[in-house]
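requesting a structural model of the entry that follows:
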Amino acid sequence: MAEPRVAGAQIEESLRRLQTDRIDLLQFHETFGMEDPDRVFGAGGGMEAAVEAQKRARYATSDSPAQEPDIHLKMLETADAHKFHFDSGAMR
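Numbering: from 1, shown residues only. Purely as a prediction, here's the structure:
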């Protein structure tokens, strides 16, 4: 998980390459460890950049491997504790 400055730069680079100023879907991809939700939402976590990018995103989602449903559930619970709403979730 990238820190906000790095995550923000990655988002801006993606927008530049895609030649757009709008994000359709912002996804936290591959949350593999039980500590990942706390890192995403913690101080200096990627959620800081995501909240800023969400101003230009239509939807936000979280993605976890299907074999780790507890991690996906923790991500949703952590989001709720931070008053953040994911528009969808994916387990693959």
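
strands of this protein, residue ranges please.
23-28, 57-64, 88-91 (DSSP state E).

need the contact list for the residue positioned nearest the centre of the chain.
By CA atoms, centre = their mean, the chain has its centre lying nearest to F28, at 3.2 Å. In this structure, F28 makes contact with M1, V40, G46, A50, T61, S62, D63, M75, judged by CB atoms under 8 Å, 6 or more residues apart in numbering. The way it works is simple: take the backbone N, C-alpha and C, and place the C-beta from them, glycine included.

now swap in H82 and tell me
Counting by CB under 8 Å, 6+ apart, H82 makes contact with F41, M47.

possible to save the strands of the chain as JSON lines with mean pLDDT and distance to G8?
Listed next are the strands of the chain as JSON lines, based on pLDDT from 0 to 100; distance: least, CB to CB, whole Å:
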{"stretch": "strand 23-28", "mean pLDDT": "78", "distance to G8": "12"}
{"stretch": "strand 57-64", "mean pLDDT": "76", "distance to G8": "13"}
{"stretch": "strand 88-91", "mean pLDDT": "75", "distance to G8": "22"}
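
export the ones you listed to CSV and tack on distance to A7?
Formatted as CSV, the strands of the chain follow (distance: least, CB to CB, whole Å):
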stretch, distance to A7
strand 23-28, 10
strand 57-64, 13
strand 88-91, 19
